[in-house]
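Q: A structural model of the following input is requested.
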Amino acid sequence: MKKNMWFVLPLALVLAAYGCGKKADSNKPIDEVRVEAQKMDQAQLEKQAQAYAKEISKKTSDMQEVQNKLKGLSPQELFGDKAKDIKDQASKIATEVSALTERYNVYAEQFQKAGGDLSKIKLA
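A: A predicted model of the protein is given here:
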């Protein structure tokens, strides 16, 4: 039991200090993102930029699905509530992608300044 404790305790402390993973947050104030990015080292910037790139890719895929729904509507449905709801979804996703991309660019710029290879954090 005590042997396991010596392994688990340091691991728990590391996870508490760094979190379980970096998350992309489209609602985080851009000024806060800039300050945070300036304090990060190259590896941290890479992980954060990758998290944003992954989320942007996911949202882009979601946008494609929404656009396909819109294309599948009949001409009459294009002027109805169903189309309005789909267009609202598309607008919301587009706003999120824009916010995520703005934050991604901050991390990518800092990553490049730190000597990082942009191909490692490339948007898909």
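
Q: For the protein, which helix extends over the most residues?
A: helix 81-113 (DSSP state H).

Q: Against which helices or strands is that helix packed?
A: Counting contacts by 3 or more CB pairs under 8 Å, 6 or more residues apart in numbering; DSSP states H and E, helix 81-113 is packed against helix 30-39, helix 42-71. For glycine as for every other residue, the C-beta is placed from the backbone atoms N, C-alpha and C.

Q: Pick the most deeply packed of the ones you listed.
A: helix 42-71 (a mean of 17; mean count of other CB atoms under 10 Å).

Q: Now do that one and helix 30-39, the angle between them.
A: Angle between the axes of helix 42-71 and helix 30-39 is 140 degrees (criterion: axes from the mean of the first three to the mean of the last three CA atoms, to 10 degrees).

Q: And helix 42-71, what does it pack against?
A: Checking 3+ CB pairs under 8 Å, 6+ apart, helix 42-71 ends up next to helix 81-113.

Q: buried set for the helix it packs on?
A: By 16 or more other CB atoms under 10 Å, the buried positions in helix 81-113 come out as 83, 86, 89-90, 93, 96-97, 99-101, 103-104, 106-108, 110-111.

Q: hang on, the earlier thing: compile the helices and strands packed on helix 81-113 into JSON lines and extend it with columns for distance to Ile121 and mean pLDDT.
A: JSON lines is the format used below for the helices and strands packed on helix 81-113 (distance: least, CB to CB, whole Å; pLDDT from 0 to 100):
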{"stretch": "helix 30-39", "distance to Ile121": "12", "mean pLDDT": "97"}
{"stretch": "helix 42-71", "distance to Ile121": "4", "mean pLDDT": "96"}
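
Q: Relative to Lys23, which of those helices is closest?
A: helix 42-71 (6.2 Å; CB to CB).

Q: distance between that closest one and the chain's centre?
A: 6 Å (CA atoms, centre = their mean, to the nearest Å).
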